[in-house]
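Student: Return atomic coordinates for the entry below.
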Amino acid sequence: MAKSQQTFNKSEKEKKRLKKREEKRKKKEAQKAEKIPGQGIQFAYVDHNGNLTDTPPDPTMKVKVDAESIVIGIPKKEDVEEEDAVRKGKVSFFDASKGFGFIIDAENQEKYFTHVSGIIDEIAENDKVSFELEKGLKGMNAVKVQKI
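Tutor: Predicted coordinates:
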């Protein structure tokens, strides 16, 4: 006669698993019956400050917004005020063999990168120059660089 594949240890584990499942089901039914407070809110409202609450918002705090007054998008380039387009500064470093350098702005002492492609006149270190700023990959770059 063949030995049973069901060992004592396997049957004990199966009993524990079934018991745990039954306890979980009973606990779930008990929570449904009691409806324990603090289990979370059924509805979430947004108050006038933008915070989530469980109470409905006060209708007196409601603000009417005209749909036409909402501006979507970014302003056009003509609308944006540009600060002084031509700036003055001093060349702090320039390597002609590599074709790049740095210019220190006379007004705010900011250092701006410049490339040979944005240079009009030949420049060297300590030259006084005028330039314009242009947005580059890593920040603002000096372009249209001319010796003063």
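Student: any idea how far residue 58 is from the closest residue to residue 63 other than its chain neighbours?
Tutor: Closest residue in space to residue 63, ignoring its immediate chain neighbours: residue 48 at 7.7 Å, by C-beta to C-beta, 6 or more residues apart in numbering. Placement of C-beta: from N, CA and C, glycine included. According to C-beta to C-beta, to the nearest Å, residue 48 stands 8 Å off from residue 58.
Student: in what helix or strand does the residue nearest to residue 63 lie?
Tutor: Taking DSSP states H and E as the definition, one finds residue 48 inside no helix or strand.
Student: So residue 76 lies in a strand, does it not?
Tutor: No. Remark: residue 76 does not belong to a strand; assigned using DSSP: H, G, I helix; E, B strand; the rest coil, it is coil.
Student: if I pick it, what's in contact with it?
Tutor: Not one residue lies near residue 76 by C-beta atoms under 8 Å, 6 or more residues apart in numbering.
Student: per-residue pLDDT, it?
Tutor: If you check residue 76, the pLDDT there is 71.
Student: Over to residue 42?
Tutor: 71.
Student: Specify the local secondary structure of it.
Tutor: Criterion first, three-state DSSP; result for residue 42: coil.
Student: That one and residue 34, how far apart?
Tutor: 16 Å.
Student: ok, the two, which is more surrounded?
Tutor: residue 34 (9 against 6; other C-beta atoms under 10 Å).
Student: mind listing what that one touches?
Tutor: Residue 34 neighbours (C-beta under 8 Å, 6+ apart): none.
Student: Stretch 49-61: how far from the chain's middle?
Tutor: Distance of stretch 49-61 from the chain centroid (C-alpha atoms, centre = their mean, to the nearest Å) equals 27 Å.
Student: next one: stretch 18-32
Tutor: Using C-alpha atoms, centre = their mean, the offset of stretch 18-32 from its chain centre is 44 Å.
Student: before we move on, back to that, give me the common contacts of residue 48 and residue 58.
Tutor: With C-beta under 8 Å, 6+ apart, residue 48 and residue 58 have no common neighbours.
Student: rewinding a little: thought the residue nearest to residue 63 was touching residue 56?
Tutor: No. Assessed by C-beta atoms under 8 Å, residue 48 is found out of contact with residue 56, at 11.9 Å.
Student: Noted, bye for now.
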